[in-house]
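Chemist: the following block contains a protein sequence and its predicted model.
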Amino acid sequence: MKVEHKAEGSKGMFYHEKDGKILAQMTYSMAGETRMIIDHTHVDEALKGQSAGM
């Protein structure tokens, strides 16, 4: 599974996309230079049983 990353300023997300649809994502905000706050996660039911949410 390919995990991609995009960031803008202090916010960003890691995600998996298939056929133009984001099936899994984890969004974050940076709190300074070394701290990352994970503020949202989601895994689509289409990935159930594939260990995508680990």
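Modeler: Looks like it came in fine.

Chemist: now the element after the longest strand along the chain, going C-ward?
Modeler: Ordering each strand of the chain by length in residues (DSSP state E) puts strand 21-30 first. Counting by DSSP states H and E, the next helix or strand C-terminal to strand 21-30 is strand 36-43.

Chemist: residues in contact with that following strand?
Modeler: Outside of strand 36-43, the residues within contact range by CB atoms under 8 Å, 6 or more residues apart in numbering are 23-31, 52-53. C-beta here means a position set from N, CA and C on the backbone, and glycine is covered the same way.

Chemist: widest-spaced pair of the residues you listed?
Modeler: L23 and A31 (27.4 Å; CB to CB).

Chemist: looking at those two, which is more packed in?
Modeler: Neighbour comparison, L23 and A31: the larger count goes to L23, with 18 against 10 (by other CB atoms under 10 Å).

Chemist: that older thread, could you dump the contacts of strand 36-43 into TSV and include distance to E17 and pLDDT?
Modeler: Output for the contacts of strand 36-43, formatted as TSV (distance: CB to CB, whole Å; pLDDT from 0 to 100):
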residue	distance to E17	pLDDT
L23	7	95
A24	9	95
Q25	9	96
M26	13	96
T27	14	97
Y28	17	98
S29	21	98
M30	22	97
A31	27	96
A52	12	81
G53	16	77
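
Chemist: re the thing from before, quickly run through the sheet partners of the longest strand of the chain, with directions.
Modeler: Sheet pairing for strand 21-30, assigned by DSSP bridges, gives strand 11-18 (antiparallel), strand 36-43 (antiparallel).
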